[in-house]
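Build me a model from this:
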Amino acid sequence: MYKNLSAGAIGIRGAALAETLRIARETGFAGVDFDIREAAALVDSQGLDYVHDLFAAVGVRPGQWGLPVAWRDEERWEEDLAALPKLAAVGQALGCTRTATWCPPASDDRPYGENFAWHVARYRPIAEVLADFGCRFGIEFIGPQTLRRGHRYPFIHTLGGMMDLAAAIGTGNVGLLLDAWHLYTSGGSLDDLDTITADDIVTVHVNDAPAGVALEDQIDNVRAQPMETGVIDLPGFVRKLAALNYDGPVTAEPFSEPLNALAARDPMAAARRTSEALDRMLSAAGLG
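Prediction:
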């Protein structure tokens, strides 16, 4: 596994690919998340070798790209699906075959069984296109109870539930965007990781949880830097990943207001602080 930078996740806004790569190199990241549409536009205007060289010149690898399909938008999703083959081909050509999205944990319109079937029908054609280009599709389960309250029908919010959905999609290239915070807030444990293999994990997010907040009251967009509070056993989490021989990106997604404020003033400082937090996590796990 390797340290991966998602610029947007730490509050760095509007940075082009070349600038994100420069920040990653100077702050000790081995990989970066990137916008596949931006990469495809650069390939169209500058050529594939140019984009390859952007990564190679700084010694930073492509980590993963966010799924470019608005699959919940009835008016847009088929148009995005039609555009996906070209974008997936760019990812494949760049050697980056990991992409991911997230799955809402509740619905006001569809009971569980109906919603499960709807998600299979919506995800399967996406996964089929991605499979044609050797790409893997990670789906994130969303753990906190606070996002299920007030909705009529709860939906998938655990690791096991998401693995059931991946199996039902049935294309062989669907797995997890595995987030340590969502594992914790779902009521899961590190033992859950003993039920999967490295092939089931497409990409990984790590973050800590605020101290002094009950599990059932944790709020999705209020988190902390890895190792900031010690509420989540991140050293144990990454040791489990290492035991599985997971070899993909590990990305901090702290949703931290202080970090976002720092990023607005000094993006490099925010990236460096995040890199150092990941180093502490890996060191505490005996992997640094």
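
Which positions in the lengthiest helix in the chain come out as buried?
For the chain, the longest helix by residue count, based on DSSP state H, is helix 112-132. Along helix 112-132, the positions that meet the burial threshold by neighbour count (16 or more other C-beta atoms under 10 Å) are 115-116, 119-120, 123, 125-131. From N, CA and C alone the C-beta is placed, and that goes for glycine too.

where's the closest residue in space to residue 152 that isn't next to it in sequence relative to residue 148, distance?
Excluding its sequence neighbours, the residue lying closest to residue 152 (C-beta to C-beta, 6 or more residues apart in numbering) is residue 108, at 5.0 Å. Distance, residue 108 to residue 148, using C-beta to C-beta, to the nearest Å: 11 Å.

If you count contacts, what does whichever helix or strand comes after the longest helix of the chain end up packed against?
Tracing the chain past helix 112-132, the next element assigned as helix or strand by DSSP states H and E is strand 136-141. Secondary-structure packing of strand 136-141 (3 or more C-beta pairs under 8 Å, 6 or more residues apart in numbering; DSSP states H and E): strand 98-103, helix 112-132, helix 159-169, strand 174-179, strand 201-206.

Please tabulate those in a markdown table, including the columns mean pLDDT and distance to residue 153.
Shown next, in a markdown table, are the helices and strands packed on strand 136-141 (pLDDT from 0 to 100; distance: least, C-beta to C-beta, whole Å):
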| stretch | mean pLDDT | distance to residue 153 |
| --- | --- | --- |
| strand 98-103 | 98 | 14 |
| helix 112-132 | 98 | 6 |
| helix 159-169 | 98 | 13 |
| strand 174-179 | 98 | 22 |
| strand 201-206 | 98 | 26 |
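
Minimum distance to residue 70: which of those has it?
Shortest separation from residue 70 across those is recorded for strand 98-103, at 9.8 Å, computed as C-beta to C-beta.

Check which residues of the closest one are buried.
So, applying 16+ other C-beta under 10 Å, buried residues of strand 98-103: 98-101, 103.

Run through who's touching it.
Outside of strand 98-103, the residues that reach it under the criterion C-beta atoms under 8 Å, 6 or more residues apart in numbering are 36, 63-69, 71, 88, 91, 119, 130, 135-142, 155-156, 162, 165, 177, 202-203, 248-249.

Would you mind writing the CA trace of it as PDB?
Written as PDB, here are the backbone C-alpha positions of strand 98-103 (Å, rounded to 0.1, in the frame of the first residue of the first chain):
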ATOM      1  CA  ARG A  98      -9.200   1.900  -9.900                       C
ATOM      2  CA  THR A  99     -12.300   4.100  -9.800                       C
ATOM      3  CA  ALA A 100     -14.900   4.500  -7.000                       C
ATOM      4  CA  THR A 101     -18.200   6.000  -5.900                       C
ATOM      5  CA  TRP A 102     -20.300   5.900  -2.700                       C
ATOM      6  CA  CYS A 103     -23.800   4.400  -2.000                       C
END
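
Now the element after it, going C-ward?
strand 106-107.

chain center to that next one, what's the gap?
When distances are taken as C-alpha atoms, centre = their mean, to the nearest Å, strand 106-107 is centred 21 Å away from the chain's centroid.
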